[in-house]
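S.K.: model the structure of this input:
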Amino acid sequence: MDVIEAQVLIQAAKYTASKMRWQAKPGRSSGYFQYYTVLWLQNEIREDLYLRMVYRGEKTQTYGRARIPCGRNLSVNLIASNQRILAYDLADQPHANRTGKGLPYYGQTIRGLHRHIWTAEGEGYAEPLVLTDDHTQTIIEAFLQETHITLDGGYRPPPPEQLTLF
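M.R.: All right, here's what the predicted structure looks like:
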């Protein structure tokens, strides 16, 4: 897929084929939830075009006696033909840009909330994303607006985080 094809898909009006319902993410430890749906485009369900969101609430990792707090993670993705053509990520881990030669953040490491865009080299380039806040709903709604996706039934928050008592 080239950059123009990706931009055409991003700019086209799309609708989710299912209402937003977070489900436990298979193959992950507890606390990970996902919402996944194919998209309607021009009155046709496109099996190769979908919206995927993955959420993990704040948690504490324990290594021996050390307790390390980990912030929440959120990834909101527009996938076309198994390629992530646009994504917003909020993660603890920094992102190193190894693609996107000639773009402003090529070769740099991005921390915090960032936006992945499709480049001539494919996926993997990210740039900082500044929103009014980093609430889950704010990030998702900004992504839906940029990608022209209408969410059937509107936004639903992820399940409440489970607290562990020690």
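S.K.: which element is the most centrally placed residue in the chain on?
M.R.: Of all residues in the chain, the one closest to the mean position by CA atoms, centre = their mean is Val76, 1.8 Å from it. Under the criterion of DSSP states H and E, Val76 resides in strand 73-80.
S.K.: kindly export that strand (C-alpha atoms) in CSV.
M.R.: Taking C-alpha atoms only, strand 73-80 is exported to CSV below (Å, rounded to 0.1, in the frame of the first residue of the first chain):
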residue,chain,number,x,y,z
ASN,A,73,-1.5,1.5,27.9
LEU,A,74,-3.9,2.3,25.0
SER,A,75,-3.5,1.5,21.3
VAL,A,76,-6.1,2.6,18.8
ASN,A,77,-5.5,1.4,15.3
LEU,A,78,-6.9,1.6,11.8
ILE,A,79,-5.8,-1.6,10.0
ALA,A,80,-6.0,-2.1,6.2
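S.K.: list the buried residues for the following helix or strand past it?
M.R.: Using DSSP H and E, the helix or strand that directly follows strand 73-80 along the chain is strand 83-90. Under the neighbour-count criterion of 16 or more other CB atoms under 10 Å, strand 83-90 has 84-90 buried. (Each C-beta comes from the backbone N, C-alpha and C, glycine too.)
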